[in-house]
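Novice: How does the following fold in three dimensions:
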Amino acid sequence: MNTTIKNFTYLILSFLTLVAGYAFLRYAYKVTDSFPFTQEIVLIILGTVATIFITALLLNKQTSVEIQKEQNIRYLELKTSTYQELLNLIEEISIVDHFSQKELIRLQFITHKLSVIASPEVIDEYNSFLKVIRKISKDKSLVGDMPVLHDALSSLTIKIRTDILGENNSTSYTQNKITEMIKDNSSKSIVE
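Specialist: Model prediction:
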């Protein structure tokens, strides 16, 4: 059920409970007018029902907030581990004298993982990073190309850091542009 519909339903139920409670209280006071002790019992019952209702609403809200918090934590862990995997792979490639096609394929497949979790800014910057890797990896070695690699990697890590810390407030990426960037990243081969 949609959250807005659910909240609206709770609002309607609360209003109906308030109106019904007021009507019942007026009726109970008129009926028990000659017995003050009975009026007190009616008030206790109404107070108990109101307390139970309010507590149920608060617990329901607390539960939904806790579930959302848990989902956010797991999503952040997934993001962090994927970004860490990417950085570890780049480190592996950069420290060997000659890397194989296997490392480049792994780098290409990380594109698909990033398309699931990364912000549009990271995907865009990763596209730029892949272009740099394509240029400097023609000889299957990054020896001598470290300044270029580190420039591209520093730009990428800044975007990753911004994404992990939740500082992305940009709305300059439409859903079509994001889709285009993801397809562009995954369709281009690193090795030509």
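Novice: Quick one: classify the residue of the chain most remote from its centre as helix, strand or coil.
Specialist: Seen from the C-alpha centroid of the chain, the residue lying at the greatest distance (CA atoms, centre = their mean) is Ser34, 60.7 Å away. Assigned state for Ser34: coil (three-state reduction, DSSP: H, G, I helix; E, B strand; the rest coil).
Novice: From Tyr22, how far off is it?
Specialist: 22 Å (CB to CB, to the nearest Å). Backbone N, C-alpha and C define where each C-beta goes, glycine included.
Novice: need the next SSE after the helix or strand where Leu114 lies, C-terminal direction.
Specialist: Remark: Leu114 resides in helix 101-117, with elements defined by DSSP states H and E. Reading on from helix 101-117 to the C-terminus, the next helix or strand found by DSSP H and E is helix 120-136.
Novice: buried ones in that next one?
Specialist: By neighbour count with 16 or more other CB atoms under 10 Å, helix 120-136 contains the buried residues 120-127, 129-130, 132-133, 136.
Novice: Checking Val143 next. Helix, strand or coil?
Specialist: At Val143, secondary structure determined by three-state DSSP is coil.
Novice: Settle this for me: it is touching Ile95, isn't it.
Specialist: No. Contact status for Val143 versus Ile95: not in contact, 10.1 Å apart, counting by CB atoms under 8 Å.
Novice: Okay, Phe129 and Gly166: tell me how far apart.
Specialist: As defined by CB to CB, Phe129 lies at a distance of 22 Å from Gly166.
Novice: Then Ile45?
Specialist: 48 Å.
Novice: same check, this time on Lys138
Specialist: Relative to Gly166, Lys138 is positioned 38 Å away (CB to CB).
Novice: same thing with Phe109?
Specialist: Remark: distance between Phe109 and Gly166 (CB to CB) = 26 Å.
Novice: can you check Asn88 too?
Specialist: As defined by CB to CB, Asn88 lies at a distance of 23 Å from Gly166.
Novice: could you pull out the helices for the chain?
Specialist: Defined through DSSP state H, the helices belonging to the chain, from first to last, are 3-31, 36-95, 101-117, 120-136, 146-165, 175-187.
Novice: Same list, those, but as a markdown table with mean pLDDT please.
Specialist: Compiled in a markdown table, the helices of the chain are given as follows (pLDDT from 0 to 100):
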| stretch | mean pLDDT |
| --- | --- |
| helix 3-31 | 79 |
| helix 36-95 | 84 |
| helix 101-117 | 82 |
| helix 120-136 | 86 |
| helix 146-165 | 85 |
| helix 175-187 | 63 |
